[in-house]
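K.L.:
output the structure for:
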Amino acid sequence: MALAGRGTAGEAAGSRPLGSTGAYAVAVLVTVAAILSQYFVPQLVPPLRVLYGSFTGLGIVYGLPILAFALLVGRRPLSGWASRLGTAAVEGLRWYGLLSLLALAVTVVLAIVYAALDPSALRLLSRPNPVLENARSNPWFWVGFSFVIGAVEETIFRGWIFGYWLARGSPSWKVHALWTSALFALVHLYYGTTYGPAAPFIYPTLFLLGLAFALTVRASGGNLVIVALLHGANDASAFLEIISPNAGLAVHYGVIGLGVAIALALYLRSRPPPLSPVAAWGPGGPPSVPAYGWPIPPPPPPPPLPPGAAPAAVVSGGRPSASCNEARWPGRCRRATRGCGSC
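P.N.:
Numbers count the residues shown, from 1 in each chain. Next up is the predicted model:
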């Protein structure tokens, strides 16, 4: 599927070089290593804790993947980053709403399973989230910075890691949407280290969030603007809860509700209108249709023939043919001079 815009711009984007699958694989490995390094390097090399504890650490975590993809893969997968904004907005909200609703259902099912098998694991969810704890000193900054992180992560994961296969025109885009969404969830390793056995509550939501964004990018021809905004709004609502829990929840579930409403409207719009009773008869309709639209029932069939009587063939005008007999038309032959010559 082409990710580029229209006209000469699309041709120019299609002519840009695209890195080989080997170079792509190296860029993906660099991305995974760079993102996961924040969870291991500070513990293994204590002098680097200061580096990872500042914005320089973000340069390592996100800067190295961007550099690797830019050099090894190229900009072609990003060529449709602003294409079809209207379609991207509708598709983005629709998939975000539907898959967020599915994530809530999965969470409820998991809560029931955990309550039956391991109730103690549920208490682990009360542990403080390290990212939110670090943001308590200046939550408004992180509300705004969420959109920057959302744009960077979407450029890496949906723009390059998933968009690479769209740029190649791969027919297996659904497979790539699934595994790249799983990778997006798994690199958020701090959920596993924080919540331990209760981490499965978090990862399905991350996976479905990534899948919603991948479906949006594919449907819109590679648009990254809308998924970056949705990603940022999703993260910002969590930081907004530090300031006002009600406001954070209202933003989070408000966007989900809007997406579900759009999905429902699109579903109802796609359904064909029901056929009226008159239309079922065809263009001419039934011979006689009253004002309320239902056809008049057909006339009753003629009475059955007496035993041993031969059926009569009726000609135009309702006259019996010459094959009629007295049993079928009693008294007719004596009254008529024509039409019943065999009597």
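K.L.:
give the buried residues for the helix or strand containing Thr107.
P.N.:
Taking DSSP states H and E as the definition, one finds Thr107 inside helix 85-117. By neighbour count on 16 or more other Cβ atoms under 10 Å, the buried set for helix 85-117 is 88-101, 103, 106, 114. For glycine as for every other residue, the C-beta is placed from the backbone atoms N, C-alpha and C.
K.L.:
same question for stretch 194-201.
P.N.:
Within stretch 194-201, judged by 16+ other Cβ under 10 Å, the buried ones are Thr194, Tyr195, Ala198, Ala199, Pro200, Phe201.
K.L.:
in TSV, list the residues you listed along with pLDDT.
P.N.:
TSV is the format used below for the buried residues of stretch 194-201 (pLDDT from 0 to 100):
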residue	pLDDT
Thr194	88
Tyr195	88
Ala198	89
Ala199	88
Pro200	88
Phe201	88
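K.L.:
hmm, back to that, packing partners of the helix holding Thr107?
P.N.:
Under the contact definition 3 or more Cβ pairs under 8 Å, 6 or more residues apart in numbering; DSSP states H and E, helix 85-117 sits against helix 119-122, helix 203-219, helix 225-243, helix 245-270.
K.L.:
and that helix, how far out from the chain's middle?
P.N.:
Here helix 85-117 is found 11 Å from its chain centre; the criterion is Cα atoms, centre = their mean, to the nearest Å.
K.L.:
tilt between it and helix 245-270?
P.N.:
If you take axes from the mean of the first three to the mean of the last three Cα atoms, to 10 degrees, helix 85-117 sits at 120 degrees to helix 245-270.
K.L.:
taking helix 225-243 as reference, get the angle to helix 85-117.
P.N.:
Taking the same axes, to 10 degrees, one finds that helix 85-117 is oriented at 50 degrees with respect to helix 225-243.
K.L.:
and the angle for helix 85-117 with helix 203-219?
P.N.:
160 degrees.
K.L.:
looking at the helices and strands packed on helix 85-117, which is buried most?
P.N.:
Mean neighbours per residue, mean count of other Cβ atoms under 10 Å, is largest over those for helix 203-219, with a mean of 23.
K.L.:
how about low-confidence regions in the stretch 1-150 of the chain?
P.N.:
Scanning the stretch 1-150 of the chain for pLDDT under 70 picks out the ranges 1-15.
K.L.:
which stretches of it form helices?
P.N.:
7-15, 21-44, 49-52, 55-58, 64-72, 85-117, 119-122, 130-134, 139-154 (DSSP state H, counting those that start in this stretch).
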